[in-house]
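Colleague: missing the sequence, but the structure's below:
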C-alpha cells in the first residue's frame, strides 16, 4: 500500500470505539464483497487482552516456523530486516503472523521482548494463528493479541518472510489491508469500503437502538400479541430506514 491512506487518524480512532460486530453491520451494507467472507468464521480466535477493547490497524504480515532451526541459519539478519519492514509505514499497524507449524504449536513468536519492540515501532497488536507467551508482560506493554493458544517457549521462532500474503484462521491477509479486531475475531476491510465504513457503522447502531432494541425493551410487560406487533412494526421501520440509507431494495 502507499503512504496515502483513505481514512484519517481521527476516523481510525472513531472506528476503534465500536466493537467488530458493529463495524461488520455497517460494512455489510456498503460492500459488494461476499458477506460470508473477510472475517473470522472458519476457526476460533482467542483474545487474550479483551480489556483493551478493539484494535484497528494496517496489516504487517510475517511467516514463521518455530519448529525449524533452518530459516535462522539461512538468514541471520532476518530479525533486523523484518523490523525495518515493520517501521516502513506509519502506525497504527497490526502484525499478522502465519505459523507454518500449524496444527501443532512448537514455540511462540510473541513475548515480552517482541511485544515491546513492536509497540515502539508503531504496532498496536498481533493476530497470530500460533501461540503467545508472557501474557502479563504483553498486557503491561499494551500490546493486544488474538492467538490460537498460549505456550511456554519460543523454540526456533524466527521471521522467514514478510510483506507477503499470509493465511491465518482461514483468511488470506495481504500487507497493508485495514483490519478491525476484538474478542469476537477480526474483519478485513477492502479499500473500496473504507470511505463509508464509519458512517455506515454508526448509522446501523443508531438504527438498531431507535427501532428494534427500543421496541423490545418497551414491549416487556405487554401481552404477547402486543409485544409481537410492536416488534414487527419496529422491524419494518428498521428495514425501511436501512433501505432508504443504503438503497438496497429487497434485502429486508
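Modeller: Arrived safely. Values in this document were obtained by computation on a predicted structure and should not be read as measured data.
Colleague: quick one, strands of the protein?
Modeller: Assignment of strands within the chain using DSSP state E yields the ranges 46-47, 55-64, 93-99, 123-128, 131-132, 144-147, 149-150, 159-162, 166-168, 171-173, 178-182, 185-189.
Colleague: how near is residue 96 to residue 32?
Modeller: To residue 32, residue 96 is 24 Å away according to CB to CB, to the nearest Å. Every C-beta, even on glycine, is put in place using the N, C-alpha and C of the backbone.
Colleague: any stretches of the stretch 1-150 of the chain with poor pLDDT?
Modeller: Low-confidence regions of the stretch 1-150 of the chain, defined by pLDDT under 70, span residues 1-3.
Colleague: so which residues of it form helices?
Modeller: Assignment of helices within the stretch 1-150 of the chain using DSSP state H, counting those that start in this stretch yields the ranges 9-15, 20-30, 70-74, 78-86, 112-120, 135-141.
Colleague: for residue 183, what are its contacts?
Modeller: When the contact criterion is CB atoms under 8 Å, 6 or more residues apart in numbering, the partners of residue 183 are 47, 50.
Colleague: pLDDT wise, what is it at?
Modeller: Each residue has a pLDDT score; the one for residue 183 is 97.
Colleague: looking at residue 96 and residue 32, which is more packed in?
Modeller: Taking neighbours as other CB atoms under 10 Å, residue 96 and residue 32 compare with residue 96 leading, 30 against 7.
Colleague: show me the beta-bridge partners of that one.
Modeller: residue 61, residue 127 (DSSP bridges).
Colleague: that one and residue 244, how far apart?
Modeller: For residue 96, the distance to residue 244 equals 37 Å [CB to CB].
Colleague: go on, residue 135?
Modeller: With CB to CB as the criterion, residue 135 and residue 244 are 47 Å apart.
Colleague: which one's more surrounded, these two?
Modeller: Using other CB under 10 Å as the criterion, residue 135 and residue 244 rank with residue 135 on top: 16 against 9.
Colleague: contacts only, for residue 86.
Modeller: Contact partners of residue 86, counting by CB under 8 Å, 6+ apart, are 60, 93, 95, 118, 121-123.
Colleague: try 7 Å
Modeller: Neighbouring residues of residue 86 by CB atoms under 7 Å, 6 or more residues apart in numbering: 60, 118, 121, 123.
Colleague: just list the residues touching residue 155, thanks.
Modeller: Neighbouring residues of residue 155 by CB under 7 Å, 6+ apart: 66-67, 106-107.
Colleague: please read the previous query as pertaining to residue 54.
Modeller: Taking CB under 7 Å, 6+ apart as the definition of contact, the neighbours of residue 54 are 16, 18-20, 180-182.
Colleague: show me which of the residues you listed is closest to residue 82.
Modeller: The shortest approach to residue 82 among the contacts of residue 54 belongs to residue 181, at 21.4 Å (CB to CB).
Colleague: and the residue nearest to that closest one when sequence neighbours are not counted, how many neighbours?
Modeller: Spatial nearest neighbour of residue 181, excluding adjacent residues (CB to CB, 6 or more residues apart in numbering): residue 55 at 5.4 Å. Residue crowding around residue 55 was assessed by other CB under 10 Å; the count is 25.
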